[in-house]
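S.K.: sequence and predicted structure, then a few things I'm wondering about:
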Amino acid sequence: MKRIILVILMAIATICVNAQGIIFEKGTFNEALKKAEKENKLVFIDFYTVWCGPCKRLDKEVFTQKDIGDFYNTHFINLKVDAEKGEGIKLKKKYGIKSYPTLIFVNSKGELIHKKIGISKNNSHKDIADLGRTAVDSGKTQYGMHKRYESGERSPQFIKEYLLSLKRQKNPKWKKVFDLHVDETPKQDFLSKEGFYFLIEYAEVNTRAMDFIFAHETEYNEILDGKFYDQVFRYKARELSLLKHSGNNKEYDEACAYLKEKMGEGYNQLSDYMEYTFKISLDKKVNEGFALAVKYADKYGPEDVSIFKSVVSWMSYSEGINENILREGVKLMNKAIELDNENRISYMDVKVAILHRLGKKQEAEEIFQEVLENTPENKRKSLVSFYVMHQFK
């Protein structure tokens, strides 16, 4: 009898533990759809692979949380799908899954309602919580937003939300939506800081919208406190990187020629920036790339201290960095603190991450305590040092 009671207690304990997080179905996709129809719910699907690091982090750190489990178990039928095995191969093709994790919601008919590609490093819990809340709001899901757009809704705020949603799910429809919105909006409405950032986010190189930005360089430079070219190259470098990565050399060369003509000498910094980022991201030669990044920071950083932080932050969580490069990172952060003492805590945060990577754990811990004392508790998990110290133990 004691043995039976013990088994029962262990079973109850197991159920309680499992109930702390998301409970995933053990059956097939079709079985999940039938259950969703019966319970009038959406199906939440986590597309993962066995080699995906962020997928494992979600499993271990987020899906197991009680608040996440309570919400998802209440509102959805939950299913995990290995995209490289069994029916996952067919489902991956059906829903256009190309990277991992990709998280989707479908209705009981299997129609795609909402989709999220990837997850943030430091705010994955918030990402999943927000994702669930969005999925139960029919007006905010991608499916719901499509319907709102098709019915004629065109308010500026809605268009911004819709464009962001389309681009995040890599839906090419965003280009048509953006072009139509620009054509229908009085151009004067874009001559503000908010208008600039809206246009620069979506305006592709060598388009009417980009022509408009350069035609109003003087106004925008005043609005942006002299940072016009800095902002242009930061946004367009990302676009050029995607073109380069796609192997479309003709479009890439045309885009570079366009920016060089429009930016003049301002193009030089963009060119230098692309050189080191391409070396790291595309060629996967991280040490050569970061050696160029250090030179880039030395050249442009004194005029814009944020450059020091962006270079060294990237360095801090990149794999395969040698000690010489990491030591250069410490020097850059020391320069940043010297030049901009007002934001020293932000730079010390990144310095801690580099010292940790160098194995200087005691020094890193001492500085980390000062960083923590000067960082609000609700923002501590967003620290670069917090992430690096947990990732590189």
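M.R.: Sure, I can see it.

S.K.: this protein: strands as residue ranges?
M.R.: Ranges of strands in the chain, per DSSP state E, are 42-48, 76-82, 102-106, 112-117.

S.K.: can you lay out those strands as a markdown table showing mean neighbour count?
M.R.: Bear in mind the C-beta positions are built from the backbone N, C-alpha and C, glycine included. Formatted as a markdown table, the strands of the chain follow (neighbours: other CB atoms under 10 Å):
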| stretch | mean neighbour count |
| --- | --- |
| strand 42-48 | 24 |
| strand 76-82 | 22 |
| strand 102-106 | 24 |
| strand 112-117 | 20 |
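
S.K.: where does the chain have its least confident helix or strand?
M.R.: Lowest on mean pLDDT, DSSP states H and E among the helices and strands of the chain sits helix 2-18, with a mean of 50.

S.K.: could you dump the strands of the chain into a markdown table with distance to Lys227 added?
M.R.: Formatted as a markdown table, the strands of the chain follow (distance: least, CB to CB, whole Å):
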| stretch | distance to Lys227 |
| --- | --- |
| strand 42-48 | 39 |
| strand 76-82 | 44 |
| strand 102-106 | 35 |
| strand 112-117 | 30 |
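
S.K.: minimum distance to Ala203: which of the ones you listed has it?
M.R.: strand 112-117 (22.3 Å; CB to CB).

S.K.: which elements pack onto the closest one?
M.R.: The elements that strand 112-117 packs onto, with contact taken as 3 or more CB pairs under 8 Å, 6 or more residues apart in numbering; DSSP states H and E, are strand 102-106, helix 124-135, helix 142-150.

S.K.: just name the most buried of the ones you listed.
M.R.: Of all the helices and strands packed on strand 112-117, strand 102-106 has the most neighbours on average by mean count of other CB atoms under 10 Å, namely a mean of 24.

S.K.: quick check on the residue positioned nearest the centre of the chain: phi, psi?
M.R.: When the chain is reduced to its mean C-alpha position, the nearest residue by CA atoms, centre = their mean turns out to be Ser120, at 5.4 Å. With angles defined as degrees, to the nearest 10, Ser120 sits at phi -70, psi 160.

S.K.: contacts for stretch 377-393 next, please.
M.R.: Defining contact as CB atoms under 8 Å, 6 or more residues apart in numbering, one finds that stretch 377-393 is touched by 121-123, 313, 316-317, 349-350, 352-353, 356-357, 364, 368, 371-372, 375.

S.K.: with just CA atoms, put it into CSV.
M.R.: Output of stretch 377-393 as CSV, limited to C-alpha atoms (Å, rounded to 0.1, in the frame of the first residue of the first chain):
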residue,chain,number,x,y,z
GLU,A,377,16.2,45.8,-11.4
ASN,A,378,13.7,45.4,-14.2
LYS,A,379,16.5,46.2,-16.8
ARG,A,380,19.3,44.0,-15.4
LYS,A,381,18.5,41.0,-17.6
SER,A,382,18.9,43.3,-20.7
LEU,A,383,22.6,44.0,-19.8
VAL,A,384,25.2,42.8,-22.2
SER,A,385,27.3,41.6,-19.3
PHE,A,386,24.3,39.6,-17.9
TYR,A,387,23.9,37.7,-21.2
VAL,A,388,27.6,37.1,-21.8
MET,A,389,28.3,35.9,-18.3
HIS,A,390,25.5,33.3,-18.6
GLN,A,391,26.4,32.3,-22.1
PHE,A,392,30.1,31.9,-21.7
LYS,A,393,30.6,30.2,-18.3
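
S.K.: buried residues in it, which are they?
M.R.: By 16 or more other CB atoms under 10 Å, the buried positions in stretch 377-393 come out as 382-389, 391.

S.K.: please flag which of those sit within helices.
M.R.: 384-389, 391 (DSSP state H).

S.K.: thinking again about what came up before, looking at the strands of the chain, which is nearest to Val294?
M.R.: With CB to CB as the criterion, Val294 lies closest to strand 112-117 of the strands of the chain, at 31.9 Å.

S.K.: direction included, what does that closest one pair up with?
M.R.: If you go by DSSP bridges, strand 112-117 pairs up with strand 102-106 (antiparallel).

S.K.: can you pull out the low-pLDDT segments for the chain?
M.R.: Where the chain drops to pLDDT under 70, the residues are 1-19.

S.K.: tell me what the biggest helix by length in it is packed against?
M.R.: Looking across the chain with DSSP H, the single longest helix is helix 228-246. Secondary-structure packing of helix 228-246 (3+ CB pairs under 8 Å, 6+ apart): helix 193-202, helix 217-223, helix 249-263, helix 267-281.

S.K.: 10 Å instead?
M.R.: Helices and strands touching helix 228-246, as assessed by 3 or more CB pairs under 10 Å, 6 or more residues apart in numbering; DSSP states H and E, comprise helix 193-202, helix 208-215, helix 217-223, helix 249-263, helix 267-281, helix 306-316.

S.K.: deepest in the core, which of these is it.
M.R.: Mean neighbour counts for the helices and strands packed on helix 228-246 (mean count of other CB under 10 Å) peak at helix 306-316, with a mean of 22.

S.K.: thank you, goodbye.
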